[in-house]
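In: With the sequence up front, the predicted model follows.
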Amino acid sequence: MTMEWVVTLFGFALLTCGTPGPNNLMLTASGANFGMRRTLPHLLGVSVGQPVLQLVLALGLYPLFERWPLLRLALQCFGSLYLLWLAWRIAVAGAPGDPVQRSRPLTLLEGVAFQFLNPKAWMMGISAISLFTREGAGYWPSQLVVMGAFVLVALPSCGVWVLFGQQLGHWVRSERGWRRLNGTLGGLTALCVVMLWM
């Protein structure tokens, strides 16, 4: 593993973890509605979930997708439907503290589990294996470095989205404003699904 390989890997991790996508839009919505402290388990779940997914792919799930493209398509369809459902829930959420909503942020385990339904997370994992896996004795060392890079990059880059959402939450003062903010974040999350299929 050369320095060029490591720099390219961290650039890939930053680009994929830090750009808009289902995780970051959900973290923004959670930050706006619940603040950083209550969103922290969700953030940790996202940061740990991608390496867990990477490990599952590295242990042998990756070749199954190469062999059976329909399996990959089925997972993408199921994940997209689940993501659309979450987008709808974000879009119809009221103001924080609204007793009718009874909403709560995702837990750490829900954040980890969501990575297995997130089409972008699967694309990130499959791309990381095809781009950064070393052959032979270098296979597991390269996979461990990839998993470590995702943790190190995801925590701060996704954390910025939570802080951004928290700041948005400070600016919104009315019920109408909350409906607009949550509707916009829900719509953008749904748009991610459309873009992932293009």
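Out: Yes, it's here. Numbering: from 1, shown residues only.

In: So which bits of whichever helix or strand Val145 is part of are buried?
Out: Taking DSSP states H and E as the criterion, Val145 maps to helix 139-171. Buried residues in helix 139-171, counted by 16 or more other CB atoms under 10 Å: 142-143, 145-147, 149-151, 153-154, 157-159, 161-162, 165-166, 168-169. C-beta here means a position set from N, CA and C on the backbone, and glycine is covered the same way.

In: and whatever helix or strand Val7 lives in, what does it pack onto?
Out: Here Val7, judged by DSSP H and E, is contained in helix 3-18. The helices and strands touching helix 3-18, judged by 3 or more CB pairs under 8 Å, 6 or more residues apart in numbering; DSSP states H and E, are helix 119-132, helix 139-171.

In: so which of those helices gets nearest Ala29?
Out: helix 139-171 (6.2 Å; CB to CB).

In: quick check: angle from that closest one to helix 119-132?
Out: 150 degrees (axes from the mean of the first three to the mean of the last three CA atoms, to 10 degrees).

In: Just name whatever secondary elements helix 139-171 is in contact with.
Out: Using 3+ CB pairs under 8 Å, 6+ apart, helix 139-171 is in contact with helix 3-18, helix 22-56, helix 119-132.

In: Kindly calculate the angle that it makes with helix 3-18.
Out: Using the same axes, to 10 degrees: helix 139-171 against helix 3-18 is 40 degrees.

In: what mean pLDDT would you report for helix 139-171?
Out: In this model, helix 139-171 has an average pLDDT of 93.

In: Please name every helix or strand in contact with the helix or strand following it.
Out: Once helix 139-171 ends, the next helix or strand along the chain (criterion: DSSP H and E) is helix 175-196. Judged by 3+ CB pairs under 8 Å, 6+ apart, the packing partners of helix 175-196 are helix 22-56, helix 69-91, helix 119-132.

In: Poorly predicted segments of this structure, please.
Out: 62-63, 65, 94-102, 196, 198 (pLDDT under 70).

In: Right, I'll leave it there.
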